[in-house]
Structure formats: C-alpha cells, structure tokens
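A.B. asks: A predicted structure for the sequence below; I have some questions about it.
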Amino acid sequence: MIVIGGSGHAKVIVDILMLNGVEVERIVDANPRYEEIFGIPVEQMGDKTGLPAAVPTVIAIGSNRVRKRIAQEHAANYGTAVHPAATVSRYSTLGAGTVVMANAVVNPDAVVGRHCIINTGAVVDHDCVLEDFVHISPKAVLPGKVTVREGAHIGAGAALLPGISVGKWATVGAGAVVVRDVPDYAVVVGNPAKPINFNDPSEYPD
C-alpha cells in the first residue's frame, strides 16, 4: 500500500498496515522535514506525483480539509486500513480511504463515507451515517442514528445523544456533550454543548 503523509498520524496508519501484514510500498509527503517512518523513507511528494492505480493508497493526514484537497488532486486506488483490535460489523460500510484505529467500534448498519478517521477507542453505533472526510477523535461516542456531515470533526471524549445531526465542517470540542443538532461550520463546546464560533466557509473545499 502507498501512504500519503509522514507525520505522527501516518505512523499510526503504517503500524496498522504492518500489523495486518500489508507491505508499505511507499510513503510520500510534501513536507521535506519528514524523513522516515519505522525505517521506511518518506519520499518528497510533488503536485504531479504519480500514484499507480494498481496499488491501494491511503491518505494518512489528520486534517479533514487537507485530506479532501489531496483526494481531489490525486486520483488513486484508495483502500481502507482497519486495526486488528478494532471491531467493525460485517453489516457496516466503510468508504474508500477510511481508517479505523485500535479498539474503535463500528456497529451494524453504520455507514462511514470516504476518507474518514475513526480514531482510537471511538464508538460509531448502529445506523449512524458519517459523510466523507469526517474525523471521530479518540474515545468519542456516537450512539444510534447520529448523522455527521462532510468534514466535521468530533473531538476526543465527546458524547452525542441518539439521532443528533452534526453539520458539515463543524467542530465538536473535546469532552462536549451534544444534546441538540449542530449547525454547519459551528464550533460547539461544553456540557451541554453550545456554539462559541463558526468556521469560515471560504476556508473549506467545495
């Protein structure tokens, strides 16, 4: 598999691939300060870097915004990476490019979009819908029938009530308890979670 990204998040993805016996053929990153991961050199990635269609690729970058930009700029055969210690129901769906970390749970009839991150110990329960480029941070809990729109970020340890909807490119702060729907681009924190700001829509890709 080819890994795009050379930071700490990429280390986790490379480790997952190795635990699954997947050969990491290349690691590429546009930032020259990343040199190697577990002895594998990080190659410089330019705008025209070729990604062979025959080799599955994963974008190992935590920023939802950057993952979307790279996915738009680089056509590739995007695959998934699931930690052996994760629990993913055979009745759930994972989109291309999605990664699931150690001890995360994805329960039946959950639908996870493309290039999502289900981070360490996070729970995505039955009938949840996660659109593309979503990041569910460590230990966050999404009970049944939660919808998370494109690009939203759920912070570490956050908890949502069943049936809640989180708007596109919204941010739910770490430890927040979300008891009502979150508008697009909103930044919500606290218990109960309340908006404190709104992300600038112009900063997010179409």
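C.D. replies: Received it, and whenever you're ready, just let me know what you need.
A.B. asks: measure residue 5 to residue 60 for me?
C.D. replies: From residue 5 across to residue 60, the span is 4 Å (CB to CB, to the nearest Å). Placement of C-beta: from N, CA and C, glycine included.
A.B. asks: Contacts only, for the residue most central in space within the chain.
C.D. replies: Residue closest to the average C-alpha location in the chain (CA atoms, centre = their mean): residue 117, at 2.0 Å. Each residue near residue 117 by CB atoms under 8 Å, 6 or more residues apart in numbering is listed here: 62, 98-99, 101, 134-136.
A.B. asks: Buried ones in the host helix or strand of residue 69, by neighbour count?
C.D. replies: Using DSSP states H and E, residue 69 sits in helix 64-73. For helix 64-73, the neighbour count (16 or more other CB atoms under 10 Å) marks 64-71 as buried.
A.B. asks: Let me have those residues in a markdown table, adding distance to residue 90 and pLDDT as columns.
C.D. replies: Below are those laid out as a markdown table (distance: CB to CB, whole Å; pLDDT from 0 to 100):
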| residue | distance to residue 90 | pLDDT |
| --- | --- | --- |
| 64 | 27 | 96 |
| 65 | 32 | 95 |
| 66 | 31 | 94 |
| 67 | 26 | 96 |
| 68 | 28 | 95 |
| 69 | 32 | 92 |
| 70 | 30 | 92 |
| 71 | 26 | 92 |
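A.B. asks: Which member of these is positioned nearest residue 128?
C.D. replies: Checking those against residue 128 by CB to CB gives residue 64 as the nearest, at 17.1 Å.
A.B. asks: on that earlier part again, please, a PyMOL command that selects the buried ones among the contacts of residue 117?
C.D. replies: Selecting only the buried entries of these in PyMOL, with 16+ other CB under 10 Å as the criterion:
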select buried, resi 62+98+99+101+134+135+136
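A.B. asks: could I get the contacts of residue 117 as TSV with pLDDT, secondary structure and distance to residue 27?
C.D. replies: As requested, these are arranged in TSV below (pLDDT from 0 to 100; DSSP: H, G, I helix; E, B strand; the rest coil; distance: CB to CB, whole Å):
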residue	pLDDT	secondary structure	distance to residue 27
62	95	coil	16
98	98	coil	19
99	98	strand	15
101	98	coil	18
134	98	coil	24
135	98	strand	21
136	98	strand	24
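A.B. asks: tell me the pLDDT at residue 123?
C.D. replies: The model reports residue 123 with a pLDDT of 98.
A.B. asks: hang on, I meant residue 95
C.D. replies: Reported pLDDT for residue 95: 98.
A.B. asks: My guess is it contacts residue 115. True?
C.D. replies: Yes. Checked against CB atoms under 8 Å, the pair residue 95 and residue 115 is within contact range at 7.2 Å.
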